[in-house]
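A.B. asks: Starting from these lines, generate the structure:
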Amino acid sequence: MRLEDYINLQHLQQLMEKFQVHRPTDQHGNTKIKREAGNMTLDEFKEAVSSTLGTPAWNDQIDALFKKMDTSCDGLIDWNEFCTYMLLQYRENDYMRTKRDIPFRSLAHIKHCVFNKQEPTTKLIYIENPSRYVSFSKEGVIGVWDTSVRLLKTYELPGEGDEGRNGKRQFKAWVTDAIYLPNMNKIVIATTSRDLHFFDISTSSYFEEFHLYGLADVPTCFDYHYDPKNPNTRACLLYGDESGCINLLYFKTPQSGQFERPFSHDEGIQKIYLPELPQHSKYVQLVVLDSIHPEGIRQILYCPHNDVVLSSSGSHVSSVVMMDISRKKKTYVFKVSKGVECFDYNKHMNIIVTGSSDHRVRLWNPYVTSKPITVLSGHHTTLIDVKLFEPMNQVFSYSKDAMLKVWDVKDHSCLQTVVLKFPCLVNGRVPEYGAFPLCLVLSKNTLLLTCQDYIGQLKLGVKKVKSTLPTTHNAPLCTAIYNPHYHQVVTGSDDSTVAVWDIETGNKSIMFTNAHGNEEITCMTFDTSLRRLITGARDGTIKIWNFQNGHNLHKLEGVGEAEVTGVIPLDSPKVILSVGWSRKIVLYDDSEADNMYVTANTSWKGGQAHKDDILCVAHCAPNLLATASFDGDLIVWSMETQKIFLRLRKGHHSRNSRRQSRLPASAAESLSSQDMQDPQQPQEKRRKRSRHSYKG
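C.D. replies: Model (predicted):
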């Protein structure tokens with residue numbers, strides 16, 4: 001995290017008081033100067049910030065922060081400079097946050113599941129061909145909905161026990177989870193009666209086909225995997241149970257058959273007793289991974305790319321376990337003090353997200369168990385479900401007060417908070433939720449939520465995938481340079497816009513427009529201290545900036561409105577050297593920090609040796625300077641004498657022949673005579689023609 005992002009309002013108030021009461025000494029470095037109250041040196045600022053934050057851990061960042069705030073580069077900052085920098089940072093952060101796409105732009109569409117009889121909805125699933133949502137109540141009522149959340153049909157899971165005098169069953173199993181098996185056209189429902197119900201959904205009427213009962217313990221959660229390219233090859237149905245074991249049901253030929261069918265004319269549900277499952281070994285095989293958690297498994301997820309299964313529990317000893325099914329590779333155990341209520345994992349994002357009863361969302365590196373990447377705070381009640389949303393690189397978290405939050409995975413900030421207005425949320429009473437209240441359907445850009453016997457539908461504003469790369473500027477880029485001191489990249493574009501980018505995060509730190517009015521930026525460099533930015537423009541102007549806040553420190557006089565093609569800062573003497581279409585080497589005095597407007601010194605002792613536009617320049621410390629012009633003239637200069645040290649190549653006037661080759665004979669003769677009469681031509685007409693000649 002950056003220091004600028006860590007500082008909060010309380011810290012700002014304390015720092016303001018420190019600036020107000022600060023009384024500096026006259027000693028500044030090795031010299032004595034008269035300083036005004038509130039002006040701090042680097043050491044004084046470091047002491048003030050460290051005491052405010054209560055730790056010296058930020059000292060490295062404080063050094064960089066001080067240099068960014070020191071707009072006058074005099075080694076001192078005051079409260080105004082501090083506030084100006086922080087205000088620009090907060091404004092840019094707010095702008096970037098508003099530029100991000102928030103997923104939910106409309107209110108939730110809420111439906112009441114009357115047939116649930118006030119019992120919560122345990123699970124919602126999405127099935128295809130045709131597209132339907134299927135809900136499962138705690139008491140075993142199945143609701144089938146269209147994609148507009150209109151109820152189509154209801155079914156009821158067969159109960160157990162005898163019926164009483166009033167016609168109601170005496171014993172009723174609770175549904176713990178349900179899952180869709182696409183390649184079999186079936187849904188499987190788990191109940192507290194230690195059984196699995198297999199429903200056939202290949203027709204418009206759903207019916208129970210198989211009933212697997214007598215499981216070792218109550219199944220609590222499901223996951224399923226099959227190969228979509230080869231749907232009749234081995235598939236795996238995974239379920240966790242209350243004893244902390246993971247059970248894997250392997251279907252060898254899932255489309256050909258799931259269990260052996262007896263030769264019988266009796267119609268109805270085929271019941272299969274689990275201890276008799278070996279009799280069905282032609283179609284199915286059970287593998288048990290025992291003692292994964294010391295208590296019941298709450299959620300399970302299979303990762304086919306590396307044959308790994310993730311599971312979670314409320315145990316603080318093994319909150320999340322990521323293990324190889326063959327148990328030959330390393331097992332990763334994540335620990336959270338109050339256990340994990342819910343989690344999600346995405347291979348491409350390479351992140352595990354967990355939610356706990358301590359109201360916090362945690363992001364983990366799948367292979368680093370010691371501590372999370374970050375902890376996201378903002379919920380006020382227990383987290384009951386989380387989802388990773390890969391298209392927009394976001395996390396959805398849902399808590400017991402029906403509050404849905406959207407988090408940005410990159411900068412760990414909350415982008416949106418949606419408070420669902422379910423009618424069952426009355427008088428502050430916390431309603432009952434099912435074990436899996438979120439259902440994210442990417443193909444329909446929909447998020448479904450449950451709250452007791454209500455269903456909410458939120459439409460996702462998914463960012464459209466563009467065929468081209470995203471743009472960072474409104475005009476073509478003309479230059480980009482890297483600053484190793486601040487670890488930043490500065491870019492300039494043809495619309496005279498300068499942008500500063502943090503290379504570690506990719507975020508834009510600051511952008512300032514109209515740096516040179518409407519003129520294009522043609523060159524850019526840093527001074528020798530790497531703290532100031534120097535830009536040159538097509539109209540011959542040169543400006544020096546504090547690029548951390550966009551403050552223009554100096555403006556250098558242009559020479560003949562000729563384009564600047566190169567700028568070099570020098571330390572001894574402290575001058576700035578520039579070249580360009582003026583064909584001259586120009587010097588500017590850079591020793592006076594308070595001199596806003598600096599005049600050009602064109603009295604280079606070597607004179608104007610180039611006969612054509614100078615296009616590039618390079619400095620070889622300490623005493624050599626090389627310049628090259630459009631006609632191929634390449635000269636090495638001595639900086640001490642300002643005279644030609646060596647001419648590596650003499651220029652050839654190929655420009656006229658190049659231009660004339662594109663023009664009719666009469667026009668070529670006219671153009672040649674114009675150049676001979678006025679070789680300088682600093683005006684706009686010549687500039688446009690020359691630019692076309694070497695850019696075309």
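A.B. asks: So which residue is dead centre in this structure?
C.D. replies: Lys410 (3.2 Å; CA atoms, centre = their mean).
A.B. asks: tell me the contacts of that residue?
C.D. replies: For Lys410, the contact set (CB atoms under 8 Å, 6 or more residues apart in numbering) comprises 393, 505. To be clear about C-beta, it is placed using only N, CA and C from the backbone, and glycine gets the same treatment.
A.B. asks: per-residue pLDDT, it?
C.D. replies: pLDDT for Lys410: 84.
A.B. asks: That one: what secondary structure?
C.D. replies: coil (DSSP: H, G, I helix; E, B strand; the rest coil).
A.B. asks: Just read off the phi/psi values of it.
C.D. replies: Per-residue torsions, Lys410: phi -70, psi -50 (degrees, to the nearest 10).
A.B. asks: Distance check, it against Ile510.
C.D. replies: Taking CB to CB, to the nearest Å as the measure, Lys410 falls 19 Å from Ile510.
A.B. asks: List the buried residues of stretch 147-163.
C.D. replies: Neighbour-count burial for stretch 147-163 flags 149, 151, 155, 157, 159 (criterion: 16 or more other CB atoms under 10 Å).
A.B. asks: Then stretch 479-490?
C.D. replies: Neighbour-count burial for stretch 479-490, counted by 16+ other CB under 10 Å, picks out 479, 483, 486, 488-490.
A.B. asks: Also stretch 539-555?
C.D. replies: Neighbour-count burial for stretch 539-555, counted by 16+ other CB under 10 Å, picks out 539-551, 553-554.
A.B. asks: mind checking pLDDT for Leu196?
C.D. replies: 96.
A.B. asks: a markdown table for the buried residues of stretch 479-490, including secondary structure, distance to Arg327 and pLDDT?
C.D. replies: Formatted as a markdown table, the buried residues of stretch 479-490 follow (DSSP: H, G, I helix; E, B strand; the rest coil; distance: CB to CB, whole Å; pLDDT from 0 to 100):
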| residue | secondary structure | distance to Arg327 | pLDDT |
| --- | --- | --- | --- |
| Thr479 | strand | 56 | 91 |
| Asn483 | strand | 50 | 90 |
| Tyr486 | coil | 49 | 83 |
| Gln488 | strand | 48 | 90 |
| Val489 | strand | 47 | 94 |
| Val490 | strand | 53 | 94 |
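A.B. asks: And the furthest pair within those?
C.D. replies: Distance extremes for the buried residues of stretch 479-490: the farthest pair is Thr479 and Tyr486 at 17.3 Å, using CB to CB.
A.B. asks: tell me the contacts of Val144?
C.D. replies: For Val144, the contact set (CB under 8 Å, 6+ apart) comprises 132-134, 151-155, 206.
A.B. asks: Doesn't it belong to a helix?
C.D. replies: No - applying three-state DSSP, one finds Val144 to be strand, outside a helix.
A.B. asks: tell me the pLDDT at it?
C.D. replies: So Val144 comes in at 95 (pLDDT).
A.B. asks: Look up which residues are beta-bridged to it.
C.D. replies: Val144 has the following beta-bridge partners by DSSP bridges: Val134, Lys153.
A.B. asks: roughly how far apart are it and Leu9?
C.D. replies: Val144 is 52 Å from Leu9, where distance means CB to CB.
A.B. asks: and if you look at Tyr224?
C.D. replies: Separation of Tyr224 from Leu9 (CB to CB): 49 Å.
A.B. asks: And for Met86?
C.D. replies: With distances taken as CB to CB, Met86 is found 11 Å from Leu9.
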